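K.L.:
sequence unknown, structure follows:
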């Protein structure tokens, strides 16, 4: 569905919102008085209420215009949750995805020994700083640098090291051959593989494989490729599970209006100039998955 990246919902109106996380739990009572509870959502969805208050003519015009351009419930948009819009390196971390070298910006919440991870999909442009083992990481195209998609919160790292394959030896484990050594390769590390042709590529491409042996211009990975054939491709080393990847910055919440009809009413005049004050009924906004 259409999503409006800019502008975000007016900050001064969002500032006065009633907001909080919501879950969906299926509760099934039984005759004994006990109950079973099933967690339907692994992450919360925030609910906002920006109405139920008096607004100035200027704020009224702003929210009215915004509602019209997003066409009620039709378009998603960004909103700032003034109660929770930033992370520090103590709460911000990068979660690995199924794609080698790609990580999701995330925020951790903890209470005692219990934790929850929140995926951050709408970071604020220009506020994000990444860290690897407490050292700042630069955005760019150089080895170990990264690119950030501010529409998804996905971070794509440039490989620390990469080598094109000159050959391979399939089997219960797989040997990858190179023209020169893969810098940084070591037993226990994980290597990403891409661009291999044939059935061998079907098995290896787009996945991380643990290195079990390192030889002269070759590595052995824990991949069973018995009977596979293929050629070409490259092996790449990305940040490892032993690396501590954190971030700091700000983020928005992806939301939509939860109504298609907006109602407002002039209730009084205020001040010496007789400025109109407008009463807005319920204006619910709900977080969406993107």
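P.N.:
Alright, I've got the coordinates. Bear in mind the structure is a predicted one, so any value in this text is a computation, not a measurement.

K.L.:
quick one: neighbours of the closest residue to residue 192 other than its chain neighbours, just the number.
P.N.:
Of all residues not flanking residue 192 in the chain, residue 100 sits nearest, at 3.0 Å (Cβ to Cβ, 6 or more residues apart in numbering). To be clear about C-beta, it is placed using only N, CA and C from the backbone, and glycine gets the same treatment. Residue crowding around residue 100 was assessed by other Cβ atoms under 10 Å; the count is 22.

K.L.:
and residue 254, by the same measure?
P.N.:
Quick note: residue 254 (other Cβ under 10 Å) scores 20 neighbours.

K.L.:
and the next helix or strand past the strand or helix carrying residue 106?
P.N.:
Per DSSP states H and E, residue 106 falls inside strand 102-111. Toward the C-terminus, strand 102-111 is succeeded by strand 114-119 as the next helix or strand (DSSP H and E).

K.L.:
residues of that next one that come out buried?
P.N.:
Residues of strand 114-119 classed as buried: residue 118 (neighbour count, 16 or more other Cβ atoms under 10 Å).

K.L.:
show me what contacts residue 129?
P.N.:
136, 247-249 (Cβ atoms under 8 Å, 6 or more residues apart in numbering).

K.L.:
which of those residues lies closest to residue 283?
P.N.:
residue 249 (28.3 Å; Cβ to Cβ).

K.L.:
returning to what we had before: most surrounded residue in the contacts of residue 129?
P.N.:
residue 247 (26 neighbours).

K.L.:
number of nearby residues for the spatially closest residue to that one that is not a sequence neighbour?
P.N.:
Leaving aside its sequence neighbours, residue 247 sits nearest to residue 92 (Cβ to Cβ, 6+ apart; 4.3 Å). Using other Cβ under 10 Å, residue 92 has 24 neighbouring residues.

K.L.:
residue 92 bridge partners, please.
P.N.:
residue 107 (DSSP bridges).

K.L.:
next, find the distance separating it from residue 135.
P.N.:
Distance of residue 92 to residue 135, computed by Cβ to Cβ, to the nearest Å: 15 Å.

K.L.:
max-length helix in this structure?
P.N.:
helix 57-69 (DSSP state H).
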